[in-house]
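>>> 3D model of this:
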Amino acid sequence: MSDFEMTPAPVARPSGPRQLPAGQGWQWIVAAFRLVREQPVTWILLALVYLVIHIGISMIPMIGGLLPLLLSPIFAGGFILAAKKAEAGGELELSDLFAGFRDQPKPLLGVALVYLALCMVAVVVMVALALLLGSMGLMVMPAEGETPDTGAMLMMLLVFGVPMFIVSMAYWFAPALVVMQDLAPIAACRASLKAGLSNWKALLICGLMLAVMLFLAMLPFLLGLLLWFPVMYVTSYTSWKAVFGD
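Got it, this is the predicted structure:
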């Protein structure tokens with residue numbers, strides 16, 4: 001190699017994942033809320049435009065049910081990059097919502113495809129487990145008018161909840177790992193799953209609290225969603241920073 005040739009810059013790799021206490025799941029949300037609170041009007045504008053786009057593409061015939069799922073990681077990348085910009089003191093703009101389409105759109109779309117594939121695998125696993133446990137009499141649907149059996153209900157929760165929780169762990173950090181550390185889709189989902197398994201308690205608390213906040217946000221004519229969406233997406237940035245960041 002001549003003196004004038006340059007070697008390519010190394011690709012950033014995850015510096016973790018760190019294993020954090022369960023209570024950190026709530027702290028990720030608090031940190032996200034503080035970041036959103038610094039520029040609330042702009043964050044609400046980004047959420048409003050995102051919701052309008054989401055509803056609009058959902059109404060497209062034939063592909064309206066699939067397109068939002070494919071675009072979700074790309075918009076997530078935009079929110080994450082916007083969070084990084086805001087944390088550095090930058091003034092947010094509407095164009096920041098589409099930063100994911102300018103930065104790593106193909107890998108983010110790849111994350112969506114990997115997520116959909118994992119969801120299909122999870123569905124197959126859930127159906128197989130339900131049939132197996134049903135044949136063993138461990139999970140029987142109650143007849144009309146009968147009181148549901150507590151054990152059967154708990155078994156249903158495990159069969160249907162655990163696989164989807166594992167899939168969500170493979171997705172949660174993936175958009176941030178793509179836009180912040182330049183990982184390929186499969187590598188990002190693999191690193192996200194590893195981090196999720198190490199921090200499943202914190203992720204569970206974070207998910208439950210976001211679900212409660214979502215319920216509360218839907219009460220006043222759904223207006224709370226304009227604040228809930230940016231907080232949720234920025235939480236994916238604050239959680240990535242806590243687990244993987246320097």
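
>>> Which of the helices and strands in the protein ranks last by mean pLDDT?
Within the chain, confidence by mean pLDDT, DSSP states H and E is lowest for helix 150-172 among all helices and strands, at a mean of 83.

>>> counting contacts, what elements does that one pack onto?
If you count contacts as 3 or more Cβ pairs under 8 Å, 6 or more residues apart in numbering; DSSP states H and E, helix 150-172 packs onto helix 105-135, helix 185-198, helix 200-217. Just so you know, the C-beta spots here come from the backbone N, C-alpha and C atoms, and that holds for glycine as well.

>>> Now the element after it, going C-ward?
helix 174-181 (DSSP states H and E).

>>> Which residues does that following helix contact?
With contact meaning Cβ atoms under 8 Å, 6 or more residues apart in numbering, helix 174-181 is reached by 11-14, 73, 76-77, 80-81, 84, 99-100, 103-104, 107-108, 111, 114-115, 183-185, 187-189, 191-192, 236-237, 240, 244.

>>> Residue 81: what's it in contact with?
Shown in contact with residue 81 (Cβ under 8 Å, 6+ apart): 96, 99, 100, 103, 179.

>>> of the residues you listed, closest to residue 221?
Set against residue 221, the nearest of those by Cβ to Cβ is residue 96 (26.8 Å).

>>> Show me where the protein dips below the pLDDT cut-off.
For the chain, the stretches with pLDDT under 70 are 1-16, 137-152.

>>> now the residue sitting nearest the centre point of the chain: how far from residue 99?
In the chain, the centroid-proximal residue (Cα atoms, centre = their mean) is residue 172; its distance is 3.7 Å. Distance, residue 172 to residue 99, using Cβ to Cβ, to the nearest Å: 19 Å.

>>> do the same with residue 64
Noted for residue 64: a distance of 24 Å to residue 99, by Cβ to Cβ.

>>> Specify which residue of these two has the higher count of neighbours.
Between residue 64 and residue 99, counted using other Cβ atoms under 10 Å, the more crowded position is residue 99 (22 against 13).

>>> ok, residue 216 touching residue 222?
No. Using Cβ atoms under 8 Å as the test, residue 216 is too far from residue 222 to be in contact (11.3 Å).

>>> Find the nearest non-adjacent residue to residue 79, please.
Residue nearest to residue 79 in three dimensions, not counting chain neighbours: residue 233, with 3.5 Å by Cβ to Cβ, 6 or more residues apart in numbering.

>>> Now do the contacts for that neighbour.
Residue 233 neighbours (Cβ under 8 Å, 6+ apart): 75, 76, 79, 80, 83.

>>> where's it, which helix or strand?
Using DSSP H and E, residue 233 falls in helix 225-244.

>>> quick one: that helix to chain centroid distance?
Relative to its chain's centre, helix 225-244 lies at 9 Å (Cα atoms, centre = their mean, to the nearest Å).
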